[in-house]
Structure formats: C-alpha cells, structure tokens
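Asker: quick check, what structure comes out for this input:
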Amino acid sequence: MSDETETNALGQPKLRPKVPVPSDIQVSHDIVKEVGLLPMADLAKQIGLEDDEMIPWGIAKAKIPLSVRDRRKDQPDGNYVVVTGINPTPLGEGKSTTTIGLSQAIGAVLGKPIFACIRQPSQGPTFGIKGGAAGGGYSQVVPMEEFNLHLTGDIHAVTASNNLLAAAIESRMFHEVSQTDEALFRRLCPDGKPFAAVMKRRLVKLGIDPEKAPSELTPEEASAFARLDIDPSTITWQRVLDTCDRHLRRVTIGQGPTETVKNRTGEGPARLQHDRQAGFDITVASEVMAVLALSKDLADLRERLGNMVVAYSHKRKPITADDLGCSGAMAVLMREALAPTLMQSVERTPVLVHTGPFANIATGNSSIVADEIALKLVGKDGFVVTEAGFGADIGMEKFFNIKCRYSGLKPKCAVIVATVRALKMHGGGPPVKAGKPLSKEYLEEDVALVTKGAANLAKHVENAKKFGVNVVVAVNKFKTDTEAEIEAVKKVAIEAGAFDAVMSNHWALGGEGAADLAAAVERACKANDEANFKFLYELKLPISEKIEIISKEIYGADGVDFSELAEKQMKQYTEAGFGDLPICIAKTQYSFSCDPAAKGVPTGHRITVREIRGCVGAGFLYPICGDIMTIPGLPTRPGFYDVDLDVETGEVMGLF
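Answerer: This next block holds a predicted model:
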C-alpha cells in the first residue's frame, strides 16, 4: 500500500490506495499493519507539542490537556473552517469523510499545518443503521475500531454524571416526602459537620450568609435550605444510555417494594408507592454532553454543571444540580473528559476527537476547547477543519449561533457537502432506505433530476452566506456519478453564491482526491475577513421571536405555531431570567420542514413547537419541533449483526 521511499508533504509515507477500495475497517487494518501508525510521541512532535503536553492512552490515542492552549494564548489563531452538508439521505452524505479527506489534502498534499476536529461517535448509530463516524475509505481516522468504540471513555463519563444527577432527584423527592423539615436538615447537616462547598452555593442562592454554621441558621432558613419541594410534573431530567432503545422512551420508576412512603392523607393504605413516569434519552442528547462541548475550562465546566435546571418547585422556583448537592461530584466524573483525544488519519495528519452531541436533538458540534487548542497549534498560516452534524439547517446554524457565540471564534469558510444521490432524492427520486438497494434512478444519469434537487443545495448556500462566511461546495463523488451530473451541481452552487464548487474523490484517493477542494478552501479563507462573521439574531429578543427568525430565515417557514405547553414554558423561562439564551432547535435532519418526507425546499410550511426544554447550564433553550425523539430505536436488522470478533487475532470485524 505504501512505498517507504516516497513521502508526502509531511514527510510521511505516501498513501497508495487499493482498487477497488476495501471496506472501511479493512482499510484501517491495512494501514495499521502495512504502513503502521505514527507513534504518538512522533505525532506530538509533528504538531509542536512539548514532552509534557500529551497524556498517552494506549498506542493510538492521547489526551491533550488544556494547558496546551493556555501556554500559547498569545499566538494567533489559524484559519477556521466548518464542514456541513445538505439535508441527507439516511445513508449519510460523507461529511465526516470530507472533513478528514480535506484535512489530509491540506496537510499531506499542500503541506500546511492542519487539524481536523470531529465528534466522538455514539454507539447508538454505530450498532444501529448509520454505522460509525470515523470517515470512510481512504479518508478516515485510524484505528477506526478504537475511534468508534469507547475511545477514551468520555461518553461513559457523561452517562455516569447524568445518571448520578437523576438518582439524586429521585432520592431527594423520596426523602422529602418521608421527613419533616427539621429531620431533613438534621440529616443533611449532622452535628459538628460544616456546610459542604456545594451547600454554600445554595445558601447564597437563598440569600443566606454562607459563612454561617448550620447551627446558626434560623428555623425558617433551615427549612428553606433543606426542602427543595420539587414538583414532579416539571422534571425535565432524564436518565441516559448510549444505545438505541425505543422501549425506554417512557418508563415507570420507583416500583420496587421498598420505594413506598407513609400515607399522610388519612385515607387508603398505610403506605403509598413512590413512583412516577420517566424516560431515557440517548447519552449524546444529555445536557451534560452539551455542557462538555461548550465549556472553556474546568471552572466553566463546574459552573455550567451546577447551573443545570432539572425541575421547578411547587412555588415555581428553578431547581438546579447545585441545589441537589450533586454538581461537584459530577464535575469530578467529568474532569478527565474535558481534555480532547488526539488520533491520526490514514495519512498521519492530526485529528482531535471530542464530545458527541447529535445535531437533530442537541448542538451537533465537537467541543470549543478542541477547536481552540487546534487553532493555537496550527498558527496563523494553518487550518482547523471542524464538522457540524447533519444538514446545514441544524448543525451549521447551531455552530454559528451557539458554539461560535460562546467561543468567540470566527470562521472564514463553510464547506457544504453534497452528493448527486441526495440531490436526486430532493428532486423527486424514490425514498432512500438503509439496508435496501438503491432504485435505478440513483444508478443512471439524470441531469434534470439532479438540477431540480439542487434547489436544496442552493438554499443551504444562501443560508450560510447570511453569516458572512465564504461557501465552498464539495461534491462528494460516488462511482455512479457522471461528469454531466457533477457539473450540474457545481453550476447551481455557483449561481446560488458559492465562492467555489469542486468535485472531491477523497473516499477513493485520500488527500490527493481532495486536493482541488483544499486549494478552494485556502483561497476562500484568504479572500474573507473573519470580521465579516455575524450572528442571525440578537440574544435580547423574546424567545418566540428568536425561534421565528431561525424558522423563517433558515427553514423557509411561513411562521411558527407554539403549543399551549410551549407558550407556558416560554413565560416560565422568561420570568426565571433565562429568556436571553440562544436557541437550539430539535427537528428532523431530513428536511427544512418538520416533515422528513418534504424534500427539496418546502414552501408554505409552518414549524410546530410542542415543548421547550431549558438547558440552562449548557446555555441554550431547546425547542422540540415535530415528531422528534430523543432516543432512537433499532431497525429490524441493526448494524450489530455484522460486528464480531476474530478470536484468533483479536481483530474487530464488520464495523462500518
């Protein structure tokens, strides 16, 4: 596969792709066995790290501490590029593959300092329909099985932290129902034991002097401190797991024989079951994951975790993780997860992997700290290519309006990934379904169908330009695409205002296949000033108006319809002081509208907001639009059927 006498622009073995391209996992195995991984110590030197700036995690991964960024605070940032895409088919259109292929081209072909920053994949889609997220073909992160499975345990840390808080909520309600205010306070603050640091946060919130000893509180102060008085109907915090499991969307908890409380009504049985309806989300939809992605340092992480609102009291006061006394322990669980993980591509270019929020039900972007570290390491002439999940209408919009707002970073270029296959679908082609053969329309040339569907691409280009970035369209090539179809896509993109549009064949050829794309991105960054970057809305606007701006400007909707619950929640959030937060809309990724079957550029549609969750710690409000689920289900034949272990070699088989 490689010839050690011929090297790329980084001085590494030049990639020798095989024809036909093997499976993704076979490519990964071939690279590891035949070419070998660049030792992590050598990779660290290549990107300019000192000996104490890397924490090895096996032979293929390392944690990068935030001190790497802080030591270089006076160094100028590199060029900031986001990769996004059109509304995809269920098969995906190759954003991760393009992100890695583009970074390989910038580094291994152009010889520029480069980092790719991507999300850690959830095991849900890895074992479900979509597969992993390491990229594909000769544009992927290796070893792909280590990337896709467990990585360095960050998602597990999020699960543990989230569920500790869930347990704290149920336990606190159980004990409050069973005890008087005096008994509660006595157990929370035993004789001779001072207030814990997290307890002092609650004292400050209540207006009580935090320097007081527990014995110095008045009876009224002790009661206010001890009793949270959570209204169960307002609880928004769910348990999580990193698996697609539709049967956990709604469950009843507290059904054990010991989960009973004394009946104080005087009627009926002596004891009552302390149960309630609850549910699970997938881990990457947890607010803890969003907090991790948006935190700037340990202090910021600790503060955001403490500020997470999980419910309201019967007096309509917000109840936070700090109030439950759980936030300090959560921060301890998340401490190591705040450091991004360093890996490498098939061409030995560096990749930072960190956080994994979905874009349809969360923020959909990798972490702020990973991008900040990378931008400092590449310097002013280098490039950082980061990925925004799903279509540009959700992942890119959240990248600009939420992630960039909190980071203060200003991108110069957006790369929009399009495929002929997806544009044919948007032009009226038959539905594309995972696990089923493609219809003949997708295998034969049809320029008219592509041109009609390219209206979807044009709308995404127009949307991206509203933020003041230059747009480059990457036509991700498939073997069934014809030259005429590719030219049709490029023509529509340029007419819509794209800076450039190029075909890219990085899946089959690695960085060489994305050389034209890399050159276009370099020109696009050079031609733009980051000062041109702007947000879509001002935070001071009413919640409803911010949602309407996104819906009209990005989705092309005629307006927004709010349910009675959503109207009530907007009033509640505004009164609680949360009205100035940015908006993170949860909606289908398959359409500009809330109807996943509405392809192309739907018109005459309205956005329906059925509820709005508050992710106050992470720093956004979370409207749920249409029929969107926060934990996916599994198909009849999930991807896990193909995954197995070679017990002789220990190699993973069938992962994709």
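
Asker: so what are the sheet partners of the longest strand seen in the chain and their directions?
Answerer: Identified as the longest strand of the chain according to DSSP state E is strand 606-615. Applying DSSP bridges to the sheet, strand 606-615 is found paired with strand 559-562 (parallel), strand 620-625 (antiparallel).

Asker: tell me the most buried of those?
Answerer: Ranked by mean neighbour count, the strands paired with strand 606-615 are led by strand 620-625 with a mean of 24 (mean count of other C-beta atoms under 10 Å). For the C-beta atoms, the positions are set from N, CA and C on the backbone; glycine is no exception.

Asker: circling back to that earlier point, what sits up against the longest strand of the chain?
Answerer: With contact meaning C-beta atoms under 8 Å, 6 or more residues apart in numbering, strand 606-615 is reached by 236, 287, 290, 308-309, 543, 547, 551, 555, 557-563, 565-566, 569-570, 573, 578, 581, 584, 587, 593-594, 621-626.

Asker: one more: stretch 17-36?
Answerer: 1-2, 13, 37, 132, 134-138, 140, 142-145, 346, 507-510, 651-656.

Asker: now, the residues you listed that are in helices?
Answerer: If you go by DSSP state H, these have Met144, Glu145, Trp507, Ala508, Leu509 in helices.

Asker: now the strands: where do they sit in the stretch 101-250 of the chain?
Answerer: 114-118, 135-136, 139-142, 239-241 (DSSP state E, counting those that start in this stretch).

Asker: just flag the most distant two among the ones in helices among the contacts of stretch 17-36.
Answerer: Greatest spatial distance among those (C-beta to C-beta): Glu145 and Leu509, at 23.2 Å.

Asker: tell me the buried residues in the longest helix anywhere in the chain?
Answerer: Using DSSP H, we find that the single longest helix of the chain is helix 154-178. Neighbour-count burial for helix 154-178, with 16 or more other C-beta atoms under 10 Å as criterion, is recorded at 154-166, 168-170, 172-173, 176.

Asker: still on that earlier bit, which among the contacts of strand 606-615 count as buried?
Answerer: 236, 287, 290, 308-309, 543, 547, 551, 555, 557, 560, 562, 566, 569-570, 573, 578, 581, 584, 587, 593-594, 621-626.

Asker: local confidence estimate at Phe390?
Answerer: Phe390 is assigned 87 on the pLDDT scale.

Asker: so it sits against Gly364, correct?
Answerer: Yes. Contact criterion C-beta atoms under 8 Å: Phe390 and Gly364 qualify, at 6.3 Å.

Asker: re earlier: can you point out the buried residues in the longest strand of the chain?
Answerer: So for strand 606-615, counting by 16+ other C-beta under 10 Å, buried means Ile607, Thr608, Val609, Arg610, Glu611, Ile612, Arg613, Gly614, Cys615.

Asker: out of those, the closest to Asp74 would be?
Answerer: Closest to Asp74, out of all of the buried residues of strand 606-615 and judged by C-beta to C-beta, is Cys615, at 33.3 Å.

Asker: gap between that closest one and Ile319?
Answerer: 15 Å (C-beta to C-beta, to the nearest Å).

Asker: before we move on, what about Pro431?
Answerer: As judged by C-beta to C-beta, Pro431 and Ile319 stand 44 Å apart.

Asker: quick one, which of those two is more surrounded?
Answerer: Ile319 (22 against 11; other C-beta atoms under 10 Å).

Asker: what about the closest residue to Pro318 other than its chain neighbours, distance to Ile208?
Answerer: Excluding its sequence neighbours, the residue lying closest to Pro318 (C-beta to C-beta, 6 or more residues apart in numbering) is Val309, at 4.5 Å. Between Val309 and Ile208 the computed distance is 20 Å (C-beta to C-beta).

Asker: next one: Lys296
Answerer: For Lys296 relative to Ile208 (C-beta to C-beta), the value is 30 Å.

Asker: mind checking the SS state of the residue nearest in space to the middle of the chain?
Answerer: With distances taken as C-alpha atoms, centre = their mean, Pro357 lies nearest the centre of the chain, 2.4 Å away. Secondary structure state of Pro357, per DSSP: H, G, I helix; E, B strand; the rest coil, is coil.

Asker: hang on, isn't it packed against Glu287?
Answerer: No. Contact between Pro357 and Glu287 fails when scored by C-beta under 8 Å: they sit 9.6 Å apart.

Asker: any low-confidence regions in the protein?
Answerer: For the chain, the stretches flagged by pLDDT under 70 are 1-5.

Asker: same thing but 50
Answerer: 1-3 (pLDDT under 50).

Asker: circling back to that earlier point, give me the distance from the longest helix of the chain to the chain's centre.
Answerer: Offset of helix 154-178 from its chain centre (C-alpha atoms, centre = their mean, to the nearest Å): 23 Å.

Asker: hang on, the earlier thing: beta partners for the residue nearest to Pro318?
Answerer: Beta-bridge partners of Val309, as defined by DSSP bridges: Thr320.

Asker: relative to Leu184, how far out is it?
Answerer: For Val309 relative to Leu184 (C-beta to C-beta), the value is 22 Å.
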